[in-house]
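In: I would like the atomic coordinates for the input below:
(one chain, ligands or ions: 1)
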Amino acid sequence: MTHEDLISKALEARKMAYTPYSHHAVGAALLTKDGKVYLGCNIENAAYTPTNCAERTALFKAVSEGERDFTAIAIVGGPDNQEELPICAPCGVCRQALNEFVDPESFEVILGTNDPKNYKKFKLAELLPLGFGPKNMSFLKDYQ
Ligand code: THU
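Out: From the prediction side, this is the model:
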């Protein structure tokens, strides 16, 4: 799966975004180690706080179907009335949610646009430096 292919899938996912309040539509495509792709879009709510970001929609879909190993996520986002998209970085909550299930030093975050060749690529560790993760809680295995 090339970066361009994964971005194309995120663009497809973005078409499903439910954004009557912000009008900011986001799509995500999460790649598993064995090559499966889980799609997600943002899903807003009249009460605002129940809103779920595209990245977490994809992650929760995948984990709820038994996936635990991921290598990359592509993200695209921008105003829901335009096809031309700027680079859209994941929010802090989504960075943290992803950090639970991936190796932040190797997991790739691909920030796409409407032009599949125009993207930026980061490791999760670059976007979430000094992240708090499962290792911080591993003391629990010896806890009396
Ligand atoms: N949003 C995402 O889906 N992903 C992000 O990482 C940033 C923000 C959504 C949430 C909300 O529906 C809209 O974009 C505006 O914040």
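In: when you work out contacts or count neighbours from here on, use the C-alpha atoms and nothing else.
Out: OK.
In: show me the contacts for the residue nearest the centre of the chain.
Out: With distances taken as CA atoms, centre = their mean, Glu55 lies nearest the centre of the chain, 2.9 Å away. Going by CA atoms under 8 Å, 6 or more residues apart in numbering, Glu55 touches 27-30, 40-42, 75, 90, 94.
In: whichever of the residues you listed end up buried, select them in ChimeraX.
Out: Buried residues within the contacts of Glu55, by 16 or more other CA atoms under 10 Å, are selected in ChimeraX with:
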select :27,28,29,30,40,41,42,75,90,94
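In: Leu31 touches Ile73, doesn't it?
Out: Yes - using CA atoms under 8 Å, Leu31 makes contact with Ile73 at a distance of 6.0 Å.
In: and those two? Which one has more around it.
Out: Ile73 (28 against 24; other CA atoms under 10 Å).
In: excluding its backbone neighbours, what's nearest that one?
Out: Leu30 (4.3 Å; CA to CA, 6 or more residues apart in numbering).
In: before we move on, back to that, what's the spacing between the residue nearest to the centre of the chain and Lys120?
Out: 16 Å (CA to CA, to the nearest Å).
In: please apply the same query to Phe101.
Out: 22 Å.
In: then Glu84?
Out: According to CA to CA, Glu84 and Lys120 sit 16 Å apart.
In: what do you get for Arg14?
Out: Separation of Arg14 from Lys120 (CA to CA) stands at 18 Å.
In: burial count for Asn136?
Out: When neighbours are defined as other CA under 10 Å, Asn136 has 9 of them.
In: so the residue nearest to the centre of the chain sits in a strand?
Out: No - checked against DSSP: H, G, I helix; E, B strand; the rest coil, Glu55 lies outside a strand; its state is helix.
In: quick thing: my sequence starts at 180, can you match it?
Out: New numbering, starting at 180: the last item is Glu234.
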